[in-house]
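Asks: Sequence and computational prediction follow.
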Amino acid sequence: MSATLDLTRETIDAVDSARQIDDILGLPDQLRDALWRVESANLEPHDAPGGLIVAGMGGSAIGGALAREALGDRASRPIVLARGYALPAWTTPD
């Protein structure tokens with residue numbers, strides 16, 4: 001048995017009282033802004049970190065999850081999601 005779902009803006013709006021669709025649709029602009037901020041920060045080079053920890057609970061971790069999936073095996077360091085109240089034990093200030 002299969003069901004079809006008509007994902008029009010109206011059907012989404014009917015169940016999305018928090019308007020999260022607007023955040024999803026705004027993601028490309030947010031990514032462009034983040035890239036611009038990194039490129040224009042003129043940061044001094046440092047030793048390369050061993051990995052990247054993205055801390056967030058619930059929907060707050062979605063950016064890290066998307067980045068990890070989008071980069072896949074191309075990431076030169078591991079991308080780890082910390083979805084709880086504490087960072088992994090191996091975390092350092094670097």
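Replies: Good, I have the coordinates.
Asks: what about the strands in the protein?
Replies: 52-55, 79-82 (DSSP state E).
Asks: Take those and lay them out in TSV including distance to Gly26, mean neighbour count and mean pLDDT.
Replies: Where you see a C-beta, it was placed from the backbone N, CA and C, and this is true even at glycine. Below are the strands of the chain laid out as TSV (distance: least, Cβ to Cβ, whole Å; neighbours: other Cβ atoms under 10 Å; pLDDT from 0 to 100):
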stretch	distance to Gly26	mean neighbour count	mean pLDDT
strand 52-55	19	16	89
strand 79-82	21	16	91
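Asks: need these in CSV with distance to Gln30, can you?
Replies: Below are the strands of the chain laid out as CSV (distance: least, Cβ to Cβ, whole Å):
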stretch, distance to Gln30
strand 52-55, 14
strand 79-82, 18
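Asks: So what touches the lengthiest helix in the chain?
Replies: Secondary structure of the chain per DSSP state H: the longest helix is helix 27-40. Helix 27-40 has contacts (Cβ atoms under 8 Å, 6 or more residues apart in numbering) with Leu66.
Asks: Name the residues of stretch 44-54 that are buried.
Replies: Buried residues in stretch 44-54, counted by 16 or more other Cβ atoms under 10 Å: 53-54.
Asks: count of neighbours near Gly64?
Replies: By other Cβ atoms under 10 Å, 19 other residues sit near Gly64.
Asks: roughly how far apart are the residue nearest to it when sequence neighbours are not counted and Thr4?
Replies: Nearest non-adjacent residue to Gly64, counting by Cβ to Cβ, 6 or more residues apart in numbering: Val54, 2.7 Å away. Val54 sits 35 Å away from Thr4, going by Cβ to Cβ, to the nearest Å.
Asks: dump the residue contacts of the residue nearest in space to the middle of the chain.
Replies: Among the residues of the chain, the one closest to the centroid is Gly63, at 0.7 Å (Cα atoms, centre = their mean). For Gly63, the contacting residues are 54, 56, by Cβ under 8 Å, 6+ apart.
Asks: Perfect, I'm done here.
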